[in-house]
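[1] Next input, structure requested:
(one chain, ligands or ions: 1)
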Amino acid sequence: MADHDLPVIATRRDEASGFLQNMISKGLGWARKYSLFTYPFATACCGMEYMSVAASRYDIARFGAEFPRFSPRQADLLMVVGTINLKQAPILKRVYEQMTEPKWVVSFGVCASSGGFYDNYAVLQGIDRIIPVDVYIPGCPPRPEQVLDGLMMLQDRIARQRHYVGNNQPIQERPGYVALTK
Ligand code: SF4
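    From the prediction side, this is the model:
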């Protein structure tokens, strides 16, 4: 067979590498959404609902998020559970900064999301004033079903995100990150 009879498959280099990156990103997204390590920053009554979600009746383990981690360096999901007052705000921010990348934040209940009915000088009127939030769960306290619904929303979001190997965006450049002034 002459050379000019051979079939030619032409692929642009950027198309080929783009395809590969897409496949890697989807694989990482799939793995990450089913292996969430939660840091529960529980401060108030919503903590009881968090425990309820983790217990056998609702069993958050079914969603790959059963292991609470009490070191931020071993966690990639920050669940802010309950009221955050202004004195706690720098601590919450420090915990967020110490977590591994990539990381996500869930605001659990109206107190964390908006200050709730604590509309006063001592309470942070929503954690999104200091850290980026991926999912807000309403309710005072939220029902466990709402928490699972929020978790599934987060998993869907993680699956649709772009994932990289060893190339993470610095937290200062993440949308919603606000530097605290002393
Ligand atoms: S949202 Fe309601 S249940 Fe949760 S911490 Fe605030 S007051 Fe307590």
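
[2] I'd like the next helix or strand past the top helix by length along the chain.
    Identified as the longest helix of the chain according to DSSP state H is helix 13-33. Once the chain leaves helix 13-33, the next helix or strand it forms, by DSSP states H and E, is strand 38-42.

[3] coming back round to it: neighbouring contacts of the longest helix of the chain?
    64, 76, 102, 154-156, 158-165 (CB atoms under 8 Å, 6 or more residues apart in numbering). No exception for glycine: its C-beta is placed from N, CA and C like everyone else's.

[4] so how far is it from its chain's centroid?
    Put simply, helix 13-33 sits 20 Å off its chain's centre (CA atoms, centre = their mean, to the nearest Å).

[5] I'd like to know the average pLDDT value across that helix.
    For helix 13-33, mean pLDDT rounds to 83.

[6] Going by neighbour count, list what's buried in it.
    Buried residues in helix 13-33, defined by neighbour count with 16 or more other CB atoms under 10 Å: 25, 28, 29, 32, 33.

[7] for stretch 119-135, same thing?
    For stretch 119-135, a neighbour-count test (16+ other CB under 10 Å) marks 123, 124, 125, 126, 127, 128, 130, 131, 132, 133, 134, 135 as buried.

[8] And for stretch 91-102?
    In terms of neighbour count (16+ other CB under 10 Å), stretch 91-102 has its buried residues at 92, 93, 95, 96, 99, 102.

[9] And the helices in the chain, which stretches?
    Under DSSP H, the chain gives helices at 13-33, 46-54, 89-98, 110-114, 144-160.

[10] Just put those helices in JSON lines and tack on distance to residue 71.
    Shown next, in JSON lines, are the helices of the chain (distance: least, CB to CB, whole Å):
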{"stretch": "helix 13-33", "distance to residue 71": "19"}
{"stretch": "helix 46-54", "distance to residue 71": "18"}
{"stretch": "helix 89-98", "distance to residue 71": "8"}
{"stretch": "helix 110-114", "distance to residue 71": "21"}
{"stretch": "helix 144-160", "distance to residue 71": "21"}
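
[11] Now render those as TSV, adding distance to the ligand.
    TSV is the format used below for the helices of the chain (distance: least, CB to the nearest ligand atom, whole Å):
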stretch	distance to the ligand
helix 13-33	26
helix 46-54	3
helix 89-98	14
helix 110-114	3
helix 144-160	12
